[in-house]
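Colleague: I'd like to go over a predicted model; first the sequence, then the structure.
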Amino acid sequence: MSNTVKLPHQKELFGHPVGLYVLFFTEMWERFSYYGMRALLVLYLTSKTTDLNPGVGWSQGDALVLYGWYTALVYIMSIPGGILADKFLGQKKSVILGAILLVIGHSVLAYEAMWAFYTGLAFIILGVGCLKPNISTMVGGLYKKGDVRRDKGFTIFYIGINVGAFLSGIVVGYVGEVHGWHYGFGLAGILMVLGLIQFLAGQKYLVHVGNYLGKSDKAEDQEAYKRPLNKVEKDRIIVLLTSFLLIIAFFAAFEQAGGLMNIYAREKTNRMLMGWQVPATWFQSLNSFFIITLGVGIAAFWAKRKLKGTEASSLYKMILGLGITGIGFLFMSAAASEYDSTGTSAMYWLVLAYLFHTVGELCLSPVSLSFVTKLAPAKYASIMMGIYFATTGLGNKFAGMLGESSTVFGEYKVFTGIAIFCVVFALLVFIFFKKLKSLTHGAEDNETDFSTKEAEGFELADN
């Protein structure tokens, strides 16, 4: 019999609480709207005002500066979004507020005016800030402490994120690039309405998660909310804050996808395929495609390592993920070298880079979300998740700065520098791995009991 502990009165589907799939689809449509916007933003800003599909006519450098600030602020606002949930509203109500703000933001962006453009961006920044940290924290709340299904649940949730991102690159990217930028912006908002509707419809499966602890009738919730942090909790926060340095480095590299790599795909990549030119925005969907196809297999790989008693801790995965991401940028260095020599570069360099970036992401990003919910004190759960997303925002800002520097140093030096830094930084953190792991005070040590059904599921996924 499995020793997995389950929350009471939770209906399950495919071995996980049904609430997971409510959150899955909500996040899927939120990410559809966000990544649709991300795919269009830089291309819209840099398109000439005289083009058939006119843009703003900004320089590449100016566009990347705004891209960096926008993607940074989207995630930095997760800190006040987390505070709002932990201190006032609870996670569920904060998610609803965020979804409403996102619908407003994308609706405003559909208007062809610069005031509408900046206003829409502001609403999206506020909306993501309210929704993103709180929906991710709710996923962790579906599982009791020590439930081995938690990491796999976050991987399933992460696949939902990337189904939305994959569809947005294809659908929103095509509509915006071919039929009009503002049609693409508006379409993203329409699909966010679906996310809000299904989240509201699924509230009966989220009764035990996402509530405001300050008004809970449970004695344990009140005690956790009022008492000061103990030494174990403080040590775990130190580990979390240290792990956030990996997150900053990862996203400074990874978010070249929407900026420098996006422009590189449009301007310096030979995109002809059997007489047809592949839209530049479609490359934004490669990452999501690889996550959807590789996510379960990589989760199974780590689960089998844990079954065998081999190192498979979250921090270890995160360090490895950063190193793999760095290696992926060597393919972009090869692409830039080929362009400098021949005046063009092949599409397969981008495909290989996105493949390695995706494997690195699957080792780091969904695991880091789960890691926060394991180590963060209950009364600061959303705030710590907010800080996590704020660090991704800081990484996004650095990504914009790195992309902008390519106008001075060139793509080859920037791509190669990113590759070297990621690998070296990962090795540096690995030197302190044992010490950092000891400061978690066994937060993951009790996640060793798999049911026979769970183990068989991993075996099937791997074959």
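Modeller: Perfect, thanks for sending it. Numbers count the residues shown, from 1 in each chain.

Colleague: Restricting to C-alpha, output stretch 367-387 in PDB.
Modeller: Listed next in PDB are the C-alpha coordinates belonging to stretch 367-387 (Å, rounded to 0.1, in the frame of the first residue of the first chain):
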ATOM      1  CA  VAL A 367      11.300  21.700 -10.100                       C
ATOM      2  CA  SER A 368      12.000  25.100  -8.700                       C
ATOM      3  CA  LEU A 369       8.300  25.900  -8.400                       C
ATOM      4  CA  SER A 370       7.900  22.700  -6.400                       C
ATOM      5  CA  PHE A 371      11.000  23.500  -4.400                       C
ATOM      6  CA  VAL A 372       9.500  26.800  -3.200                       C
ATOM      7  CA  THR A 373       6.300  25.100  -2.000                       C
ATOM      8  CA  LYS A 374       8.300  22.500  -0.100                       C
ATOM      9  CA  LEU A 375      10.600  24.900   1.700                       C
ATOM     10  CA  ALA A 376       8.600  28.100   2.100                       C
ATOM     11  CA  PRO A 377       6.800  28.700   5.500                       C
ATOM     12  CA  ALA A 378       3.000  28.400   5.100                       C
ATOM     13  CA  LYS A 379       2.300  32.000   6.100                       C
ATOM     14  CA  TYR A 380       4.800  33.300   3.500                       C
ATOM     15  CA  ALA A 381       4.000  30.800   0.800                       C
ATOM     16  CA  SER A 382       2.700  33.300  -1.800                       C
ATOM     17  CA  ILE A 383       5.300  35.900  -0.900                       C
ATOM     18  CA  MET A 384       8.100  33.500  -1.400                       C
ATOM     19  CA  MET A 385       6.600  32.400  -4.700                       C
ATOM     20  CA  GLY A 386       6.300  36.100  -5.500                       C
ATOM     21  CA  ILE A 387      10.000  36.600  -4.800                       C
END
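
Colleague: Quickly note the distance from the residue nearest the centre of the chain to residue 80.
Modeller: For the chain, the residue whose C-alpha lies nearest the mean C-alpha position (C-alpha atoms, centre = their mean) is residue 365; its distance is 6.5 Å. Counting by C-beta to C-beta, to the nearest Å, the gap between residue 365 and residue 80 amounts to 22 Å. C-betas here are computed from N, CA, C, even on glycine.

Colleague: Determine how far stretch 278-292 lies from the middle of the whole chain.
Modeller: On the basis of C-alpha atoms, centre = their mean, to the nearest Å, stretch 278-292 is displaced by 15 Å from the centre of the chain it belongs to.

Colleague: Just the buried residues of that stretch, please?
Modeller: Going by neighbour count (16 or more other C-beta atoms under 10 Å), the buried part of stretch 278-292 is 279-292.

Colleague: want to try a markdown table for the residues you listed, with secondary structure and pLDDT as columns?
Modeller: Written out in a markdown table, the entries for the buried residues of stretch 278-292 read as follows (DSSP: H, G, I helix; E, B strand; the rest coil; pLDDT from 0 to 100):
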| residue | secondary structure | pLDDT |
| --- | --- | --- |
| 279 | coil | 83 |
| 280 | helix | 83 |
| 281 | helix | 77 |
| 282 | helix | 83 |
| 283 | helix | 87 |
| 284 | helix | 77 |
| 285 | helix | 81 |
| 286 | helix | 89 |
| 287 | helix | 85 |
| 288 | helix | 81 |
| 289 | helix | 88 |
| 290 | helix | 91 |
| 291 | helix | 85 |
| 292 | helix | 83 |
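
Colleague: Which of those sits closest to residue 71?
Modeller: For residue 71, the closest of these turns out to be residue 284, at 13.4 Å, with distances computed as C-beta to C-beta.

Colleague: Farthest pair within the buried residues of stretch 278-292?
Modeller: The largest separation in the buried residues of stretch 278-292, counting by C-beta to C-beta, is between 280 and 292 at 21.0 Å.

Colleague: quick one on the thing from earlier: pretty sure the residue nearest to the centre of the chain is touching residue 158, no?
Modeller: Yes. Contact criterion C-beta atoms under 8 Å: residue 365 and residue 158 qualify, at 6.8 Å.

Colleague: Could you tell me how far residue 179 is located from residue 333?
Modeller: Summarising the geometry, the distance separating residue 179 from residue 333, computed by C-beta to C-beta, is 35 Å.

Colleague: Those two: who's more crowded?
Modeller: Higher neighbour count among residue 179 and residue 333: residue 333, with 21 against 12, using other C-beta atoms under 10 Å.

Colleague: does the more buried one really touch residue 417, like I thought?
Modeller: No. Using C-beta under 8 Å, residue 333 makes no contact with residue 417, being 9.3 Å away.

Colleague: Show me the shaky parts of the protein.
Modeller: Counting by pLDDT under 70, the chain contains low-confidence residues at 1-10, 13-14, 146, 148, 213-226, 445-463.

Colleague: residues in contact with residue 99?
Modeller: Applying C-beta atoms under 8 Å, 6 or more residues apart in numbering, one finds that residue 99 lies in contact with 26, 30, 127, 131, 192, 195, 196, 199.

Colleague: In PyMOL, how would I select just the buried ones from those?
Modeller: Command for PyMOL that selects the buried part of those, burial taken from 16+ other C-beta under 10 Å:
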select buried, resi 26+30+127+131+192+195+196+199
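
Colleague: and the contacts of residue 99, which of them are in helices?
Modeller: Secondary structure from DSSP state H places 26, 30, 127, 131, 192, 195, 196, 199 of those in helices.
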